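Undergrad: here is a sequence together with a model predicted from it:
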Amino acid sequence: MSGIEYFYAAHSAFAYLGSRRLMEIAKASGRTIRHKPYDLRLGMEGVGARPTRERTAGHRAYFFGREIQRWSEERSAPVIGHRPTHHDNDIGLPNCLLIAAQEQGADVDGLAHVILEAHWRHDADHADRATLARLVTSVGGDPSVLLAAADSAPIRRIYEDNTAEAIRRSVFGSPTYFVDGDMFYGQDRLEMVERALRQPYAGTWQAP
């Protein structure tokens, strides 16, 4: 059986809200999660999506306010009561750290969750190396090894490839999941992901 392809960014609120549920679903189905962190900002431009800052105040208040509040309660995933202080910092380092963890066989599931949770629950700076080192240690990894790998050319190349692949496959945002090639956008589709792992939906998906 193939794994669940998981396109997301390390600062994504909705990836955080669905993180534990995704891991529960993967474990129950016997599937592994294939993490594909990508540059969400470039990815959104690449598929023609409007950047968050260009959307109306009402859209931002609903989608990045009320929706987060409700899903936080629904998923039992606490969040801070405001937009994270460091949310606009560079997302390359934490994304590449996750890629390095996967490539080296570290606990990438656990690391992904604690990075997302630290940002959205504890207002952590996901671009701060000391913060990332502490999070790697918390899941039993070697921070010096993984941070060095995250800075390497091969890992950066995978990051660029993930971003190009996301654009090519019409990934509209974070998180997006693929089950045997069928795309599910948004953590609110996780129950559909769960069903697709048991019984695929009729029809096929192919990016135009």
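TA: Great, that's in hand.

Undergrad: can you list contacts of the helix or strand of the chain at the bottom of the mean pLDDT ranking?
TA: Least confident helix or strand, the chain: helix 57-61 with a mean of 87, by mean pLDDT, DSSP states H and E. Here helix 57-61 makes contact (Cβ atoms under 8 Å, 6 or more residues apart in numbering) with Thr52. C-beta: built from backbone N, CA, C; applies to glycine.

Undergrad: which strands and helices sit next to whichever helix or strand comes after that helix?
TA: Sequence-wise, the next helix or strand downstream of helix 57-61 (DSSP states H and E) is helix 67-74. In terms of contacts (3 or more Cβ pairs under 8 Å, 6 or more residues apart in numbering; DSSP states H and E), helix 67-74 is packed against helix 13-29.

Undergrad: ok and the helix it packs on relative to helix 67-74, angle-wise?
TA: 30 degrees (axes from the mean of the first three to the mean of the last three Cα atoms, to 10 degrees).

Undergrad: report the distance from the least confident helix or strand of the chain to the chain centre.
TA: Centre-to-centre, helix 57-61 and its host chain are 22 Å apart (Cα atoms, centre = their mean, to the nearest Å).

Undergrad: in this protein, which spans are strands?
TA: In the chain, the strands defined using DSSP state E lie at 4-8, 33-37, 176-179, 182-185.

Undergrad: what pairs with the last one, and is each one parallel or antiparallel?
TA: Pointing back at strand 182-185 there. Strand pairing for strand 182-185, using DSSP bridges, gives strand 176-179 (antiparallel).

Undergrad: just the helices in the protein please.
TA: 13-29, 40-46, 57-61, 67-74, 92-103, 108-122, 129-138, 143-150, 153-168, 190-198 (DSSP state H).

Undergrad: and the closest residue to Ile158 other than its chain neighbours, how many residues sit next to it?
TA: Once flanking residues are discounted, Ile158 sits nearest to Ile99: 5.2 Å by Cβ to Cβ, 6 or more residues apart in numbering. Other residues lying near Ile99 total 26 when counted by other Cβ atoms under 10 Å.

Undergrad: isn't Phe93 up against Arg129?
TA: Check again: residue 93 is Leu, not Phe. Yes - using Cβ atoms under 8 Å, Leu93 is in contact with Arg129, at 7.3 Å.

Undergrad: okay, now the unreliable bits of this protein?
TA: 1 (pLDDT under 70).

Undergrad: circling back: CSV for the strands of the chain, including distance to Thr56?
TA: Shown next, in CSV, are the strands of the chain (distance: least, Cβ to Cβ, whole Å):
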stretch, distance to Thr56
strand 4-8, 25
strand 33-37, 29
strand 176-179, 24
strand 182-185, 21
